[in-house]
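**Student:** Provided below are the primary sequence and the corresponding predicted coordinates.
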Amino acid sequence: QAQLMESGGGLVQPGGSLTLSCVASGYRLNTYAIGWFRQAPGKEREGITCISSSDGRSTYYIESVKGRFTISRDLSKNTAYLQMNSLKPEDTATYYCATAFTCDPNGMYFQGKGTLVTVSS
């Protein structure tokens, strides 16, 4: 059964860092683009960033995380990561990973339950 499992969330102080993981089971990530999304309480889900399957290049959907968040993948572990630095209270949200054939955010397939990130002092 194809599944994605996000982990690594938690409570962190403003300015802190977290690394989220996204492990795929039931299929290999090497042929898929992998995206990270988030949904804050009371808000719609928004795309953060994506890494392409073809060349491993990353695309950012929103400006507010550029220079702070980095997407990466380890295909040997069938895992993608989101390194988050200089976290701000407005980064508080449930974070999800998703896969698709391209980094088109409208084509992403969500299979996980997300991991909660809370940025607060």
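**Tutor:** Received it, and whenever you're ready, just let me know what you need.

**Student:** how much space separates residue 22 from residue 63?
**Tutor:** 23 Å (Cβ to Cβ, to the nearest Å). In short, each C-beta sits where N, CA and C put it, glycine included.

**Student:** before we move on, what SS does the spatially most central residue of the chain have?
**Tutor:** If you average the C-alpha coordinates of the chain and look for the closest C-alpha using Cα atoms, centre = their mean, you land on residue 36, 2.6 Å from that point. Local secondary structure at residue 36 is given as strand here, using DSSP: H, G, I helix; E, B strand; the rest coil.

**Student:** around residue 10, how many other residues sit close by?
**Tutor:** Under the neighbour criterion other Cβ atoms under 10 Å, residue 10 is assigned a count of 12.

**Student:** can you pull the contacts of the closest residue to it other than its chain neighbours?
**Tutor:** Using Cβ to Cβ, 6 or more residues apart in numbering and skipping the chain neighbours, the partner closest in space to residue 10 is residue 18 (6.6 Å). Under the criterion of Cβ atoms under 8 Å, 6 or more residues apart in numbering, the contact partners of residue 18 comprise 8, 9, 10, 12, 84, 87, 117.
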